[in-house]
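Student: I need the structure of the sequence given here:
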Amino acid sequence: MANTGADVVPLSPRKRLLAASIRLFYRNGIQSTGVSELCEVAGVSKRTLYQLYGGKDELIAAYLEHMSDKLVIPVERKLFDDELAPADRLAQLFDRPDPERFRGCPFHNASVELTTPGHPAQPVIHAYKENFRRRIADTAREAGLRDPEDLGRSLMLLYEGASALATSTGDVAAFDSARPVAEKLIREAAA
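Tutor: This is a model prediction of the structure:
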């Protein structure tokens, strides 16, 4: 029987606003995306946004909470790819991203844009970065690599640098330069 669409449940206004923020904040930037544009894309009124989220700042925090899911960000999925050996998962963090879709780390981008002390998104950003570092260290531990905490910090620093440089220059080749360094660190930790 063909799907007539009658059984499709429309997204709630809250979910539509979140979907609009995911689409617009990453592509255009947080500060460049206004409340009017968010509401237009979501098909809701400004009043609805303020009733549901209290304001743009709280929507930003909700956007980042959503993005912190391990399966949303492609680099995160690599760390959970059980078909690869743990050491290979670490090296795969440095695969060249698709230049047409890559706009950097949404958490780094948000941190650069949101400089107001006490912004509701700051704790979400800090928690994500700590969890990402911990996942890298846990993967190093799973691989049986020496000093996984130190290796996790080093690989995260290398990844963050490659990602920031690629974002700043618009050239994802930074990952091509970072990968051999990452592989060397992984080899040395295995010896």
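Student: tell me where this protein has helices.
Tutor: Under the criterion DSSP state H, helices of the chain are mapped to 13-28, 35-42, 46-53, 56-67, 74-79, 86-92, 106-113, 122-142, 148-169, 174-190.
Student: what is the burial count for the closest residue to residue 24 other than its chain neighbours?
Tutor: Leaving aside its sequence neighbours, residue 24 sits nearest to residue 33 (CB to CB, 6 or more residues apart in numbering; 4.4 Å). (C-beta placed from N, C-alpha, C; glycine too.) Using other CB atoms under 10 Å as the criterion, residue 33 is surrounded by 21 other residues.
Student: try residue 11
Tutor: Neighbour count of residue 11, defined by other CB under 10 Å: 13.
Student: OK, contacts around the residue nearest to residue 24?
Tutor: By CB atoms under 8 Å, 6 or more residues apart in numbering, the residues touching residue 33 are 21, 24-25.
Student: what is the nearest of those to residue 89?
Tutor: When the contacts of residue 33 are ranked by distance to residue 89 (CB to CB), residue 25 comes first, at 27.7 Å.
Student: from residue 36, how far off is the closest one?
Tutor: Using CB to CB, to the nearest Å, we find residue 25 at a distance of 15 Å from residue 36.
Student: same check on residue 55?
Tutor: As judged by CB to CB, residue 55 and residue 36 stand 14 Å apart.
Student: and what of residue 126?
Tutor: 30 Å.
Student: which residues touch the lowest-mean-pLDDT helix or strand in the chain?
Tutor: When each helix and strand of the chain is scored by mean pLDDT, DSSP states H and E, helix 74-79 comes last, with a mean of 81. The contact list for helix 74-79 (CB under 8 Å, 6+ apart) reads 69-71, 89-90, 92-93, 95, 97, 105, 132, 135-136, 139, 159.
Student: please apply the same query to stretch 55-62.
Tutor: Contacts to stretch 55-62, defined as CB under 8 Å, 6+ apart, come from residues 17-18, 21, 25, 30, 35, 38, 49, 53, 110, 114, 119-121, 124.
Student: can you tell me which of those are buried?
Tutor: Using 16 or more other CB atoms under 10 Å as the burial test, those include 17-18, 21, 25, 30, 38, 49, 53, 110, 114, 119-121, 124 as buried.
Student: make a markdown table out of those and add distance to residue 169 and pLDDT.
Tutor: Shown next, in a markdown table, are those (distance: CB to CB, whole Å; pLDDT from 0 to 100):
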| residue | distance to residue 169 | pLDDT |
| --- | --- | --- |
| 17 | 32 | 96 |
| 18 | 31 | 95 |
| 21 | 26 | 96 |
| 25 | 21 | 96 |
| 30 | 21 | 96 |
| 38 | 29 | 96 |
| 49 | 34 | 96 |
| 53 | 34 | 95 |
| 110 | 20 | 96 |
| 114 | 22 | 95 |
| 119 | 27 | 94 |
| 120 | 31 | 95 |
| 121 | 25 | 95 |
| 124 | 27 | 95 |
